[in-house]
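K.L.:
no letters, just coordinates:
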């Protein structure tokens, strides 16, 4: 049974009745949804991962200015780079978008994540280069120990 009130009847193709302003208006966004705080969440995750805006931009292949824009001036996430952004920040896209909460890691997070990222890059080097870097690091550590600044 169809309602006789023209404002309450369902839309049918070919319906040419005039629509009220309320009917044509887009629905409001709810506060706290993923769109309203995407930039703040992205900035928080970037800092937690130990990236500066410039480092994150280089990792994603975009400009630092775009990272700043995504973090501050837009409510709409960059759909084209969401998968890469989530991968680099170590979260899933649902967490980046605020659909799922970001879980804190079970293991203690290293204090200098930038240093740990470098170590991961070193692990990918050929064995000869890794040995050379280890010798260089050992030399620096030994020098600090001789100065009396070492912890071990």
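P.N.:
Received it, and whenever you're ready, just let me know what you need. Note that the coordinates shown come from a computational prediction; the quantities given were computed from them, not determined experimentally. Numbers count the residues shown, from 1 in each chain.
K.L.:
when you work out contacts or count neighbours from here on, use the C-alpha atoms and nothing else.
P.N.:
OK.
K.L.:
is the residue nearest to residue 114 when sequence neighbours are not counted within a helix or a strand, and which one?
P.N.:
Nearest non-adjacent residue to residue 114, counting by CA to CA, 6 or more residues apart in numbering: residue 50, 5.7 Å away. Under the criterion DSSP states H and E, no helix or strand holds residue 50.
K.L.:
these two touch, right, residue 50 and residue 117?
P.N.:
No. If you go by CA atoms under 8 Å, residue 50 and residue 117 don't touch, sitting 9.1 Å apart.
K.L.:
okay, these two: which has more neighbours?
P.N.:
Using other CA atoms under 10 Å as the criterion, residue 50 and residue 117 rank with residue 50 on top: 20 against 14.
K.L.:
any idea how far that one is from residue 80?
P.N.:
Distance of residue 50 to residue 80, given as CA to CA, to the nearest Å: 23 Å.
K.L.:
kindly report the same for residue 144.
P.N.:
Distance from residue 144 to residue 80, by CA to CA: 46 Å.
K.L.:
you'd agree residue 101 is up against residue 92?
P.N.:
No. Residue 101 lies out of contact with residue 92 (CA under 8 Å); the separation is 10.1 Å.
K.L.:
between the two, which one's more packed in?
P.N.:
When residue 101 and residue 92 are compared for neighbours, residue 92 comes out ahead with 17 against 10, by other CA under 10 Å.
K.L.:
buried sites along the host helix or strand of residue 95?
P.N.:
According to DSSP H and E, residue 95 maps onto helix 93-97. Buried residues in helix 93-97, counted by 16 or more other CA atoms under 10 Å: 93, 95, 96, 97.
K.L.:
can you name every helix or strand that the helix ranked longest in the chain contacts?
P.N.:
Looking across the chain with DSSP state H, the single longest helix is helix 127-147. Helix 127-147 is packed against no helix or strand, with contacts defined by 3 or more CA pairs under 8 Å, 6 or more residues apart in numbering; DSSP states H and E.
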